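[1] Could you work out the structure for the sequence below:
(chains A and B)
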Amino acid sequence: MSVLVNAWKWLRRLSGDDAYERYLEHARAEHPDCIVWDRARFCREREIEKWTGVKRCC
Amino acid sequence: MRINKSVPFLFVAVIGAYTLGGLALHRGETINALWIVTAAVCIYAIGYRFYSAWVAARVLTVDPSRATPAVRLNNGRDFMPTDRWIVFGHHFAAIAGPGPLIGPTLAAQFGYLPGILWILIGSVLGGCVQDMTILFLSTRRDGKSLGQMARDELGPFGGFAAIIGTILILVILIAVLGLVIVNAMKHSPWATATVFATIPIAMFIGGYLRSFRPGRVLEASLIGVALLLGAVAFGGWVDHQEARTWFDYTGLPLAGFVIGYGLLAAILPVWLLLAPRDNLSTFLKLGTVVLLAIAIVILRPDIKMPAFTQFVDGTGPIFAGKVFPFVFITIACGAISGFHSLVASGTTPKLITNERDIRMIGYGSMMLESFVAVMAMIAATLLDPGVYFAINTAAGVVGAAPDAAVATISGWGFPVSVDQMAGLAKEMGEQTLFGRTGGAPSLAVGMASIFGTAFGQGLLAVWYHFAIMFEAVFILTTLDAGTRVGRFMLQDALGHIWKPMGRTSWYPSVIVASALIVAAWGYFLYIGVIDPNGGVNILWPLFGIANQMLAGIALSVATGILVKSGKLKYALVTLVPLAWLALITTTAAWQKVMSPNPKLGFFAAANDLAMKLASGALPPEKAAVAPTLIFNQRLDGWITVFFTLVLWFVIADMLRVASRCLRGLPVPPSAEAAA
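    This next block holds a predicted model:
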């Protein structure tokens, strides 16, 4: 069972499915006094960042 | 190193040497693909266990106790310590494109052996080392790009060369990829309808992720992949309706479609088309690679192509040129790809938790990419050689009539019949497979026969179009992403001339820069489509030279930095691959420019055509396009000269810095970030 749970976690991590949760975790731990973005805002910012620069190859 | 730990590797070495020797010495009718797979796996295992470990420890002196930029600059977004397997997955998804599928397919015209040997040796000693070294150097410099590192460590010229090299290689790359999918869709309503359908699917997933369920990548991708499989079925359905004529096009309108699509994709916001398409393409890519590996191991197909064909002498019908240097130029990305150095300096270094992981991520990802190239070679060479040449040789070479084509190809000693080709086309759900150049259709036939035999023979046509859809989806992703990168670089460059052009989100600047990039690759795509010899024979070698040149620039930067950091004797690790690349790209460029053979030399081809045009020997439809083709051949010749000069200037710049450093003269200081 724990194998399946781990595989699921790994898949979510790999696909970026849990990116927002990780961001929340990071923001609460490191910058508790800052305003956090909501999910939609976070995803928009992340997308822009992801596609600036060389991200895909031949 | 303790002896008992090395014992298993002694066995790996013995098995590897045995299978590789078997491959090299085997001269029979056929050989099983498992020999190739085993030899490859053993060589990778030894290269990874010993060579990469030695390079990481001695040459790069990786320091596990040193804080990486991800740890020091952690901001929860781009700089973020990430599990090494996740980084491995991201890095592999970024470097793996259509190149290692197409290159080996074309290089199979020399037989399986030259290509396989270069894929294995080139990756273990060249490509993997380049990727790992650049990843390491960029990690030590807070994720700086290759261009920045070249500027900082060598001087302004190196940086300039890296940027110009990148833009040019992008233009050539996108043109040749566009040509590959145009050739795959030509007169194939099934393929065309499927590829067209992927666009609204990507937009739907984009909207879903943007407005309905932000950030739920996994569920959106599952829906998307299901829809893409539906698109393959939809294409098959359309193919049996009257409406099939709506999707039945010649090359030119399809090229127009690809160009229009490219422009749109570069201007539209990323969330609408590029990002969702990329997600889907990554899922398909990983899934198909795993599936193909499993199928090859289950099926253990026989390789029907001989180890060497007579075309090693340079008379090959798919592209001209002798096995040296053209097998190296043609394989390109599967052995060493300069483009990887752009990905390895940028996103990936900002995610690395510990320098120890650099070996696995840099060296390991490239090993996997190289294995993809091995599988592409297997898929190309398990076809009957006659069928392989019938699919991949342009009508301009063997004649447009099937009778003439099979007669010529059988005359080479690779028997094939019109009935066999017609039967195969029918099985694959296509009207014809003659002259489907570019590598995608032949790879799809190879993949369909593997998948068909392993997972259900009745579905050959579906497997074929699944393979075409798979190739198209990630070719279009590379096309989108490449156009966008070219646009950013051009905006940056133009911004130095006129400030507002440098504002990446200012719409007039976006449109002008995108249009310029699309016009540049669109031009080469157009020429490729009207070229009676298929265009791939011109564009792919040009791309190969450009890509290997970029690798030469990356290795120059690495060598320069190694010498500057006092590791002169270890600099051989990057200097030897650099010398080899300089030798093959220069030889290839020399032949493409100077050869008097019109099949090989650009200027010879231009002069030959000009003479035929002047003497009135050309039929009217060929005479109409001849001036364009003549101009293009000359342009390609000058581009090749330019590539070579840029590479040699960078090498000279590196040697200048290295020699100053060795004589104790001042050099640009190391840009390594403080620990």
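
[2] where does B:T166 land in three-state SS?
    What DSSP: H, G, I helix; E, B strand; the rest coil gives for B:T166 is helix.

[3] What number of neighbouring residues does it come out with?
    If you count neighbours by other Cβ atoms under 10 Å in any protein chain shown, B:T166 ends up with 24. C-beta here means a position set from N, CA and C on the backbone, and glycine is covered the same way.

[4] same check, this time on B:V510
    Neighbours of B:V510 (other Cβ under 10 Å): 19.

[5] From A:C43, how far out is it?
    Noted for B:V510: a distance of 22 Å to A:C43, by Cβ to Cβ, to the nearest Å.

[6] do the same with B:T453
    Counting by Cβ to Cβ, the gap from B:T453 to A:C43 is 43 Å.

[7] So these two - more neighbours on which side?
    More crowded of B:T453 and A:C43, by other Cβ under 10 Å: A:C43, with 24 against 16.

[8] hang on, isn't the more buried one packed against B:G215?
    Yes. The pair formed by A:C43 and B:G215 meets the contact definition of Cβ atoms under 8 Å, at 4.4 Å.

[9] what do the two both touch?
    Counting by Cβ atoms under 8 Å, 6 or more residues apart in numbering or on different chains, the contacts common to A:C43 and B:G215 are A:19-20, B:209.

[10] Secondary structure, distance to B:M611 and pLDDT for those - can I get that in JSON lines?
    Output for those, formatted as JSON lines (DSSP: H, G, I helix; E, B strand; the rest coil; distance: Cβ to Cβ, whole Å; pLDDT from 0 to 100):
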{"residue": "A:A19", "secondary structure": "helix", "distance to B:M611": "61", "pLDDT": "87"}
{"residue": "A:Y20", "secondary structure": "helix", "distance to B:M611": "66", "pLDDT": "90"}
{"residue": "B:L209", "secondary structure": "helix", "distance to B:M611": "57", "pLDDT": "93"}
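
[11] and whatever residue of chain A ends up closest to chain B, how many neighbours?
    Per Cβ to the nearest Cβ, A:H26 is where chain A lies closest to chain B, at 3.4 Å. Other residues lying near A:H26 total 16 when counted by other Cβ under 10 Å.

[12] same thing with the one 10 residues further on?
    A:V36: 16 surrounding residues under other Cβ under 10 Å.

[13] ok, now which ones touch the closest residue to B:V297 other than its chain neighbours?
    Excluding its sequence neighbours, the residue lying closest to B:V297 (Cβ to Cβ, 6 or more residues apart in numbering or on different chains) is B:V37, at 6.9 Å. Contacts were defined as Cβ under 8 Å, 6+ apart; by that measure B:V37 touches B:296-297, B:374, B:378.

[14] Not counting sequence-adjacent ones, nearest residue to B:A231?
    In space, not counting the residues next to it along the chain, B:A231 is nearest to B:A197; the distance is 3.9 Å by Cβ to Cβ, 6+ apart.

[15] still on that earlier bit, find the pair from the contacts of B:V37 with maximum spatial separation.
    In the contacts of B:V37, two members sit farther apart than any others by Cβ to Cβ. They are B:V297 and B:V374, at 12.5 Å.

[16] Good, wrapping up.
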